[in-house]
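Enquirer: kindly generate the corresponding structure for this input.
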Amino acid sequence: QREEARGRISRREAVRMAPQMTKQALGNKWLKEYKNVVEMDGWGQREEAREIYASLATTIANTIIGHDCSSWTEREAVNAERLAICLGLRSAEIKRGGMHGINLTNMKALVPVVEQLFKGGQKFPIDLKSVDAEDLEAAKASLNLPQEAGVSRGRCDTKTLQAKQQDDAVETIINSDDEDENTPGNRKGKSFFGSPDGAKPGKAGARSVGFEVAKIGLKDESISLVDPTISAYVVAGGKITGVQVDTKPAARHLAKYFHFDDEITMTQCLDAIAPGSVIVFEFKHFKKDKNKMSTKCWGFIEREDLKNGPMVLELYKKPVDLKRKKLSLFTVKPLYLHIAVKIGEAGAVH
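Expert: Coordinates of the predicted model:
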């Protein structure tokens, strides 16, 4: 009977009964695995990366619930839980072949969090409130984590949870995949952070902001680009806010134009985008020799110009100037980014 009981021991019970690793040992182990899987994801080994993301998510979740975490600070416990959720979300996003959820850029942004997880920690750079509610619930459920992040973590001390959550005002990273110094997400080694404002498009009474991205024109007809994509994000007061959304790679390249024929929806509703803000569109492509996304050119639309209907946007040379102080036209020819603005009806639930 004792042997049968042992056979029924769950994975979490096995974790709880296993020899306890020090925080430093855990942090080093997770960091090594995390960096390896992000690198694998970046090289395009998506299926292998998906499995490792899921495995690491489970390992971290099991550790949180099964181990004696009394020596962990509240930030360490909260960040570890959020990390596990993000790993699960990325795994699910790869599995369904999606492009609008947790992406490789987000996972790269979490490397400093993993590096500092048990070394004082830092603010978590991804706002999980901006993630689709169903996806978030599914990720937590798959890891047996409570729906309210940070509520239950086995024997971890949660006395200061509410104060910690208020203090931790989670910030959202909107970092370009372009690693060049002349892109907003990497200028002088710093990433721009912001927090999403107000109601999301999915809430009743919120007017969604969407765009039909038709095509973009470049003067060089012979140019060949890998995975050309348009990324859009809101900029307020010279800082990026909300969550970056991306089109699918261009469907075709005809003459001077890359055709996307795709639709994107911003995570902020119209009323949450402050007056004077702009929505920036970056035209990116993948550089095989550097194994990264690079910005080719960019444009923007002002919040006050967000009205239903077609529109063409002028294109500017990089670096992207979030404050729009020094704008330099990308081309003198009349070639633009062709879009159509789509404002959702107030009161509609999407």
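
Enquirer: how long is stretch 214-225 from one end to the other?
Expert: One end of stretch 214-225 sits 17 Å from the other (CA to CA, to the nearest Å).

Enquirer: for it, what is the average pLDDT?
Expert: Stretch 214-225 shows a mean pLDDT of 86.

Enquirer: for it, which outside residues touch it?
Expert: Around stretch 214-225, the neighbours that count as contacts under CB atoms under 8 Å, 6 or more residues apart in numbering are 230, 250, 253, 255-261, 283, 285-286, 296-297, 315, 331, 333, 335-340. C-beta coordinates here come from the backbone N, C-alpha and C atoms, glycine included.

Enquirer: pretty sure residue 40 sits against residue 52.
Expert: Yes: with contacts counted by CB atoms under 8 Å, residue 40 reaches residue 52, the gap being 7.0 Å.

Enquirer: just to revisit the earlier point, filter the contacts of stretch 214-225 down to the buried ones.
Expert: By neighbour count, with 16 or more other CB atoms under 10 Å, the contacts of stretch 214-225 hold 230, 250, 253, 256-260, 283, 285-286, 296-297, 315, 331, 335-339 as buried.

Enquirer: restricted to strands, list the residues you listed.
Expert: Per DSSP state E, strands hold the following members of these: 230, 253, 257-260, 283, 285-286, 296-297, 337-339.

Enquirer: reformat those as CSV; add distance to residue 211 and pLDDT.
Expert: Shown next, in CSV, are those (distance: CB to CB, whole Å; pLDDT from 0 to 100):
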residue, distance to residue 211, pLDDT
230, 9, 95
253, 20, 92
257, 17, 93
258, 16, 95
259, 15, 95
260, 10, 95
283, 14, 96
285, 19, 92
286, 22, 89
296, 18, 94
297, 17, 95
337, 10, 95
338, 10, 96
339, 5, 97
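
Enquirer: give me the pLDDT value at residue 197.
Expert: 39.

Enquirer: and what of residue 348?
Expert: Looking at residue 348, the pLDDT reads 43.

Enquirer: again, but for residue 19
Expert: 50.

Enquirer: what does residue 137 give?
Expert: For residue 137, pLDDT reads 89.

Enquirer: secondary structure class for it?
Expert: At residue 137, secondary structure determined by DSSP: H, G, I helix; E, B strand; the rest coil is helix.

Enquirer: what do you get for residue 26?
Expert: Residue 26 is classified as helix under three-state DSSP.

Enquirer: do the one 5 residues further on as well
Expert: Of the three states, residue 31 takes helix according to three-state DSSP.

Enquirer: correct me if wrong: it contacts residue 115.
Expert: Yes: Residue 31 lies in contact with residue 115 (CB under 8 Å); the separation is 5.9 Å.

Enquirer: and residue 92, that's in a strand?
Expert: No: per three-state DSSP, residue 92 lies outside any strand segment and is helix.

Enquirer: okay, now it: neighbour count?
Expert: Number of residues near residue 92 (other CB atoms under 10 Å) recorded here: 20.

Enquirer: who's in contact with it?
Expert: Residues in contact with residue 92, defined by CB under 8 Å, 6+ apart, are 101, 135, 138, 139.

Enquirer: contacts only, for the third one.
Expert: Meaning residue 138. residue 92.

Enquirer: how about the first one?
Expert: With contacts defined as CB under 8 Å, 6+ apart, residue 101 is in contact with 89, 90, 92, 93, 131, 132, 135.

Enquirer: the fourth one and residue 135, how far apart?
Expert: Meaning residue 93. 8 Å (CB to CB, to the nearest Å).

Enquirer: ok, the two, which is more surrounded?
Expert: residue 93 (22 against 19).

Enquirer: in this structure that one contacts residue 103, no?
Expert: Yes: applying CB under 8 Å as the test, residue 93 and residue 103 come out as touching, 7.3 Å apart.

Enquirer: next helix or strand past the helix or strand bottoming out on mean pLDDT in the chain?
Expert: Of all helical and strand segments in the chain, the minimum by mean pLDDT, DSSP states H and E falls on strand 193-194, at a mean of 29. Following strand 193-194 in sequence order, the next helix or strand is strand 209-217 (DSSP states H and E).

Enquirer: not counting its neighbours along the chain, what's nearest the residue most central in space within the chain?
Expert: For the chain, residue 106 is the residue whose C-alpha lies nearest the centre (CA atoms, centre = their mean; 3.9 Å). Closest residue to residue 106 apart from its sequence neighbours, by CB to CB, 6 or more residues apart in numbering: residue 126 at 5.7 Å.
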